[in-house]
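*Asks:* Prediction below, plus the sequence it came from.
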Amino acid sequence: MVYLFFATGTEEIEALGTADIIRRAGLDLQIVSITDERIVTGAHGIRVETDALLDDIDFFDADMLILPGGMPGAANFAACDNLCERIRDHAYLGRPVAAICAAPFVLGRLGLLDGKRATCYPGFEGELAGATYTGALVEVDGQFITGKGPAAVFEFGYAIVERMKDKATADALSKGMLYK
């Protein structure tokens, strides 16, 4: 199961675009609210009905965790101790974690990007503790996938599909979506 988290103030295009690509690839994905409500308002006032609440999911079956960006969404992720603890545990098991836009700063604050190449929305580079900031649209380093911002959604989504399935699936999906 792939879990994509949604907080008040999450960048909707990063969350929903990524979720769409992952589901098109046939992967099981749940959008998970970190609030006490399943309907959460994103950064641009779009109300999103999530599939589950954070307290209701079983991280044992998590194949990948995804953090979309946006503010204050990424800050809300960083302030959620339960989520941060679960991300840290997941990463320590060597399982993949993806974050885009402002959200890679959560991984930086957790000390997970030390010695890794990473990218993020301009202005958050200083929050990627121990990482080498590349400025690339998408960066894949080991178990971590980071994206620069809204324009990176397609590349970010395809990188996740390639990691979770294979390059042929990601390429076919990209072609079918008329991306390349």
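*Replies:* Ah, there it is.

*Asks:* Quick check: Arg88 touching Leu107?
*Replies:* No - counting by Cβ atoms under 8 Å, Arg88 stays clear of Leu107, with 9.5 Å between them. (Each C-beta comes from the backbone N, C-alpha and C, glycine too.)

*Asks:* which one of these two has more residues nearby?
*Replies:* Higher neighbour count among Arg88 and Leu107: Leu107, with 30 against 15, using other Cβ atoms under 10 Å.

*Asks:* can you pull the buried residues of the helix or strand hosting the more buried one?
*Replies:* In this structure, Leu107 is located in helix 104-109 according to DSSP states H and E. By neighbour count with 16 or more other Cβ atoms under 10 Å, helix 104-109 contains the buried residues 104-108.

*Asks:* next one: stretch 13-29
*Replies:* In stretch 13-29, residues buried by neighbour count (16+ other Cβ under 10 Å) are 13-19, 21-22, 25, 27, 29.

*Asks:* cool, stretch 69-84 as well?
*Replies:* Within stretch 69-84, the residues that count as buried by 16+ other Cβ under 10 Å are 69-71, 73-78, 80, 83-84.

*Asks:* I'd like to know which of the buried residues of helix 104-109 is nearest to Gln143.
*Replies:* For the buried residues of helix 104-109, the residue nearest Gln143 by Cβ to Cβ is Leu107; the value is 10.6 Å.

*Asks:* hang on, isn't that closest one packed against Ile145?
*Replies:* No - at 10.4 Å, Leu107 does not count as touching Ile145 under the criterion of Cβ under 8 Å.

*Asks:* Any chance you could list residues touching both of those two?
*Replies:* A shared contact of Leu107 and Ile145, defined by Cβ atoms under 8 Å, 6 or more residues apart in numbering, is any residue touching both; here these are 97, 99.

*Asks:* Got phi/psi on Ala15?
*Replies:* phi -70, psi -50 (degrees, to the nearest 10).

*Asks:* quick one, what contacts it?
*Replies:* Residues counted as contacts of Ala15 (Cβ under 8 Å, 6+ apart) are 4, 6, 31, 42, 48, 68, 70.

*Asks:* possible to save those as TSV with pLDDT, secondary structure and distance to Asp61?
*Replies:* Putting these into TSV (pLDDT from 0 to 100; DSSP: H, G, I helix; E, B strand; the rest coil; distance: Cβ to Cβ, whole Å) gives the following:
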residue	pLDDT	secondary structure	distance to Asp61
Leu4	98	strand	15
Phe6	98	strand	19
Ile31	98	strand	16
Gly42	98	coil	26
Val48	98	strand	23
Pro68	98	coil	21
Gly70	97	coil	27
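
*Asks:* tell me the two of those residues that are most distant?
*Replies:* Greatest spatial distance among those (Cβ to Cβ): Ile31 and Gly70, at 14.0 Å.
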